[in-house]
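>>> got a structure for you, letters missing:
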């Protein structure tokens, strides 16, 4: 792409794009140009659609990846070539919504068994058992959260999410309960974690 590539790098930098985005956009545009062996200035909307179809039909590229190509090519024509009309009607393929895989009990045990740190393994056990979303686990505030241990092996963890406290309950097997209680009592999983009066 030569001079066009250099201009694209400048436009990406001026907009504060991350290194990963810059690399992705440049790679997508390089492959697009290499597909036709022509300057992008000589290519039009039909050429872009033909390229996208070849990605889907021949290379079996998924819809989310195709959307990445469209974003990169759109950036090229909007901000570098200053010819937005070429890409204004590009359709974005729909990304099918799929349900997450549910791990079997054996798979969960195998996954937890790979974590060497007792503290980290215990945190993962409680988070998984409580059904915490990744965003909830990351937003959890140690000073305001709490973990309570009940007599029947039920662990209850408080999570602050968007100023609204919600509670989740996680059942811990008898064999795993002792290390969890030990860590809770020693405040090893956060300064705000403490056992309840029942624990």
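Thanks, I have the structure now. All values derive from a computational prediction rather than experimental measurement. Numbers count the residues shown, from 1 in each chain.
>>> Spell out the secondary structure type for residue 16.
coil (DSSP: H, G, I helix; E, B strand; the rest coil).
>>> count of neighbours near it?
7 (other C-beta atoms under 10 Å). Bear in mind the C-beta positions are built from the backbone N, C-alpha and C, glycine included.
>>> measure it to residue 56 for me?
Distance, residue 16 to residue 56, by C-beta to C-beta, to the nearest Å: 31 Å.
>>> can you give me the strands for the chain?
146-149, 154-161, 164-171 (DSSP state E).
>>> show me where pLDDT drops low in this protein?
130, 136-177, 179-181, 183-199 (pLDDT under 70).
>>> Would you mark the buried spots in the top helix by length along it?
Ranked by residue count under DSSP state H, the longest helix found in the chain is helix 19-36. By neighbour count with 16 or more other C-beta atoms under 10 Å, helix 19-36 contains the buried residues 21, 24-26, 28-29, 32-33.
>>> and if you look at stretch 72-85?
Under 16+ other C-beta under 10 Å, the buried positions of stretch 72-85 are 72-81.
>>> Could you work out the end-to-end span of it for me?
15 Å (C-alpha to C-alpha, to the nearest Å).
>>> neighbouring contacts of it?
Contact with stretch 72-85 is made by 4, 7-8, 11-12, 15, 24-29, 32, 40-41, 48, 86-87, 90, as judged by C-beta atoms under 8 Å, 6 or more residues apart in numbering.
>>> Please parse the chain into its domains.
As given by automatic domain parsing, the domain ranges for the chain are 3-86, 105-185.
>>> nearest to residue 95, of those?
domain 3-86 (4.8 Å; C-beta to C-beta).
>>> Enumerate the helices of this protein by residue range, in sequence order.
Under DSSP H, the chain gives helices at 3-14, 19-36, 45-57, 63-75, 105-113, 118-129, 134-139, 174-185.
>>> how about these, which one is nearest residue 98?
Among the helices of the chain, helix 63-75 comes nearest to residue 98, with 11.2 Å by C-beta to C-beta.
>>> and the direction of that closest one versus that of helix 3-14, what angle?
Put simply, helix 63-75 runs at 100 degrees to helix 3-14, going by axes from the mean of the first three to the mean of the last three C-alpha atoms, to 10 degrees.
>>> Now do helix 63-75 against helix 19-36: the angle between them, please.
Per the same axes, to 10 degrees, the angle that helix 63-75 makes with helix 19-36 is 80 degrees.
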